[in-house]
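**Student:** quick one, fold the following:
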Amino acid sequence: MRHLMRLSRRYTAVLALLAGFQLLGGISSCSSDMDGDGYTSADGDCNDLNASVYPDAIEVCDYRDNDCNGAPDDVGDGDGDGRSICQGDCDDADATVFAGAIEYCDGLDNDCTGVADDPPDFDGDGYNSCQGDCNELSSTANPAGVEVCDYVDNDCNGKVDDLGDADGDGVSICWDCNDEDPTIHPLALELCDGIDNNCTGEADDVPDIDADGYNVCQGDCNDLEPTTSPEGVEVCDSIDNDCNGVVDDADADGDGQSGCQGDCDDQNPTIYANADELCDSLDNDCNGEIDDVSDTDRDNYTACEGDCNDSDMTIYPGATETCDGEDDNCDGRVDEPFDVDGDGYATCTGDCDDTNAAVSPGLKEQCDGIDNNCNGRIDEKATGGVDNDGDGATVCDGDCDDSNADMYPGNAERCDGLDNDCDGVIDNVSSEEDFGCRSGHSTP
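**Tutor:** Next comes the predicted model:
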């Protein structure tokens with residue numbers, strides 16, 4: 001534009017010199033039409049040497065003031081885009097077309113370069129945006145590109161990383177960690193099945209909603225309650241805190257009852273609700289009272305108060321001892337005023353010799369010549385004693401003469417005038433031997 005203005009000024013100066021020359025030469029230029037365009041200088045022809053220049057001439061782009069309005073090439077801006085055709089507007093009827101405009105993919109030469117739809121190929125991949133390049137900032141993306149797993153639409157088909165979806169779950173193999181199972185893909189719901197359903201790289205990684213360190217796949221039976229987990233401590237709150245499937249079941253002493261179920265001391269297995277009350281200075285049955293056993297026989301003494309037989313009202317601490325085989329006064333002794341020898345039995349209770357502690361009902365019979373068990377027989381079935389003759393049998397074993405080693409039970413009977421086998425019969429030998437015994441012959 002500056003070049004045009006300089007040429008215009010030089011042209012105007014030349015015209016002025018010519019006009020001065022005409023005045024000096026006496027030639028009248030005001031009345032003559034030197035260029036034959038129908039206008040003289042007097043008519044306003046600003047260049048009477050150029051037939052294309054005169055008032056009301058059509059302004060054209062020739063670096064001249066064709067219409068003599070003082071402004072060369074002012075053909076106007078028909079589309080209002082700020083450029084005239086003389087300023088490079090190749091279509092002054094379209095405001096989107098002018099020199100320097102942004103080239104669009106619209107079939108027009110928006111920037112007036114002479115070529116339509118020729119935006120730059122910024123990434124140098126041989127395709128511009130009008131030729132189908134969907135990403136002019138990546139040389140790997142163009143209509144001829146090869147699709148790879150890179151979050152880019154390499155082949156410009158409108159789909160990113162579309163290398164196939166074998167299982168039809170809507171996710172390509174680029175991001176599907178198992179493209180043979182439609183239940184496995186990044187958008188899948190994670191299940192507790194030992195499988196990485198949502199392709200995070202971890203199986204069964206469902207959220208830990210209550211942030212207690214366990215999710216439902218790890219055994220959290222209530223993932224909305226932070227006090228509930230496999231390591232939770234069971235408390236009395238009607239919740240399965242330790243997730244063992246039982247509510248409020250903290251039975252520390254193993255008596256089958258928890259503190260929540262009425263066990264007033266869950267460290268002692270003898271104490272729980274409705275337990276048998278014992279005489280141990282504890283509230284075994286958890287009724288709030290200690291050693292409150294009943295007085296069954298109504299003798300005003302309970303077992304915890306020393307009643308050694310609470311089913312007999314005649315037996316209790318301090319009762320009068322009678323000769324009845326019972327510890328009436330509960331002092332640990334039976335019939336003690338009547339038991340002379342202190343063996344636990346008095347004459348009234350069957351002691352057949354109350355002067356000898358080795359004699360009383362129920363004792364084991366000894367080989368001592370005494371009726372130890374008071375059954376009316378002496379040394380029956382007794383064993384032991386001294387074997388005086390060394391034949392292996394004592395009197396209690398049935399030896400009928402413990403001074404003669406040839407006489408004892410089981411010995412062979414001989415013809416010797418003795419009861420060798422201690423069966424109560426002398427010389428009861430066989431018939432042959434019996435003849436010898438009667439003839440005066442002894443058995444060898």
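
**Student:** contacts, neighbours, all on C-alpha from now
**Tutor:** Noted.

**Student:** quick one: contacts for Thr140?
**Tutor:** Listed by CA atoms under 8 Å, 6 or more residues apart in numbering, the contact set of Thr140 reads Asp125, Val146, Asn154.

**Student:** could you do Val148 as well?
**Tutor:** Counting by CA under 8 Å, 6+ apart, Val148 makes contact with Asn154, Asp161, Leu163.

**Student:** can we see that at 10 Å?
**Tutor:** Counting by CA atoms under 10 Å, 6 or more residues apart in numbering, Val148 makes contact with Thr140, Asn154, Asp155, Val160, Asp161, Asp162, Leu163, Cys174.

**Student:** apart from its chain neighbours, what residue comes closest to the last one?
**Tutor:** When you say that, I think you mean Cys174. What sits nearest to Cys174 in space, not counting adjacent residues and going by CA to CA, 6 or more residues apart in numbering, is Cys149, at 5.4 Å.

**Student:** confidence score at the one you found?
**Tutor:** Note for Cys149: predicted pLDDT of 90.

**Student:** right, and it touches Asp161 too?
**Tutor:** Yes - with contact defined as CA atoms under 10 Å, Cys149 counts as touching Asp161 (5.1 Å).

**Student:** report how many residues lie close to Ser139.
**Tutor:** By the criterion of other CA atoms under 10 Å, Ser139 has 17 neighbours.

**Student:** need the contact list for it.
**Tutor:** Asp121, Phe122, Asp123, Gly124, Asp125, Gly126, Tyr127, Asp133, Gly145, Asn154.

**Student:** wait, which of those is closest to Val359?
**Tutor:** Of all the contacts of Ser139, Asn154 has the smallest distance to Val359: 116.1 Å, by CA to CA.

**Student:** what sits against that closest one?
**Tutor:** Applying CA under 10 Å, 6+ apart, the residues near Asn154 are 133-135, 138-148, 160-162.

**Student:** what's stretch 289-300 in contact with?
**Tutor:** Residues beyond stretch 289-300 that count as contacts (CA under 10 Å, 6+ apart) turn out to be 276-285, 301-305, 307, 309-317.

**Student:** of those residues, buried ones?
**Tutor:** Neighbour counting with 16 or more other CA atoms under 10 Å marks 277-279, 282-285, 301-304, 307, 309-310, 313-317 as buried within the contacts of stretch 289-300.

**Student:** mind checking the SS state of Cys177?
**Tutor:** Cys177 falls in the coil class when you classify it by DSSP: H, G, I helix; E, B strand; the rest coil.

**Student:** so what's the residue lying closest to it once chain neighbours are set aside up against?
**Tutor:** Take Cys177 and drop its neighbours on the chain: the residue closest to it by CA to CA, 6+ apart is Cys199, 5.6 Å away. Shown here is Cys199, whose contacts under the criterion CA under 10 Å, 6+ apart are Trp175, Asp176, Cys177, Asn178, Ile184, His185, Pro186, Leu187, Ala188, Glu190.

**Student:** tell me which of these is nearest to Cys352?
**Tutor:** Lowest distance from Cys352 to the contacts of Cys199 (CA to CA) belongs to Glu190, with 90.6 Å.

**Student:** the nearest residue to that closest one once chain neighbours are set aside: how many residues sit nearby?
**Tutor:** The shortest distance from Glu190 to any non-neighbouring residue, by CA to CA, 6+ apart, is to Asn197 (5.0 Å). Neighbour count of Asn197, defined by other CA under 10 Å: 28.

**Student:** in this structure Asn197 contacts Ala188, no?
**Tutor:** Yes - assessed by CA under 10 Å, Asn197 is found in contact with Ala188 at 6.0 Å.

**Student:** identify the contacts common to the two.
**Tutor:** Shared contacts of Asn197 and Ala188, defined by CA under 10 Å, 6+ apart, comprise Pro182.

**Student:** name the residues of stretch 72-81 that are buried.
**Tutor:** Pro72, Asp73, Asp74, Val75, Asp77, Gly78, Asp79, Asp81.

**Student:** how about the first one: what's its closest non-neighbour residue?
**Tutor:** Using CA to CA, 6+ apart and skipping residues adjacent in sequence, the residue nearest Pro72 is Asp65, 3.8 Å away.

**Student:** what's the answer for the third one, then?
**Tutor:** Leaving out its chain neighbours, the residue that sits closest to Asp74 by CA to CA, 6+ apart is Glu59, at 6.6 Å.

**Student:** which SSE is the one you found in?
**Tutor:** Assigned by DSSP states H and E, Glu59 belongs to neither a helix nor a strand.

**Student:** so how many other residues sit close to it?
**Tutor:** For Glu59, the count of nearby residues is 22 (other CA under 10 Å).

**Student:** in contact with it, which residues?
**Tutor:** Going by CA under 10 Å, 6+ apart, Glu59 touches 52-53, 65-69, 71-76.

**Student:** go again with 7 Å.
**Tutor:** Contact partners of Glu59, counting by CA atoms under 7 Å, 6 or more residues apart in numbering, are Asn66, Asp67, Asp73, Asp74, Val75.

**Student:** try Glu180
**Tutor:** For Glu180, the contacting residues are Ala166, Asp167, by CA under 7 Å, 6+ apart.

**Student:** measure it to Ser172 for me?
**Tutor:** Separation of Glu180 from Ser172 (CA to CA, to the nearest Å): 11 Å.

**Student:** one step back: now, of the contacts of Asn154, which are buried?
**Tutor:** Buried by 16+ other CA under 10 Å: 133-135, 138-143, 145, 147-148, 160-162, out of those.

**Student:** which of those lies closest to Cys112?
**Tutor:** Minimum distance to Cys112 across the buried ones among the contacts of Asn154 is 22.2 Å, recorded for Asp133 (CA to CA).

**Student:** could the contacts of Cys199 go into a markdown table alongside neighbour count?
**Tutor:** Output for the contacts of Cys199, formatted as a markdown table (neighbours: other CA atoms under 10 Å):
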| residue | neighbour count |
| --- | --- |
| Trp175 | 17 |
| Asp176 | 23 |
| Cys177 | 19 |
| Asn178 | 19 |
| Ile184 | 22 |
| His185 | 25 |
| Pro186 | 17 |
| Leu187 | 14 |
| Ala188 | 14 |
| Glu190 | 24 |
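
**Student:** let's have these in a markdown table, adding pLDDT and distance to Ala250.
**Tutor:** Listed next are the contacts of Cys199 as a markdown table, based on pLDDT from 0 to 100; distance: CA to CA, whole Å:
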| residue | pLDDT | distance to Ala250 |
| --- | --- | --- |
| Trp175 | 89 | 48 |
| Asp176 | 92 | 46 |
| Cys177 | 92 | 44 |
| Asn178 | 94 | 45 |
| Ile184 | 95 | 41 |
| His185 | 95 | 43 |
| Pro186 | 94 | 42 |
| Leu187 | 93 | 41 |
| Ala188 | 95 | 39 |
| Glu190 | 94 | 33 |
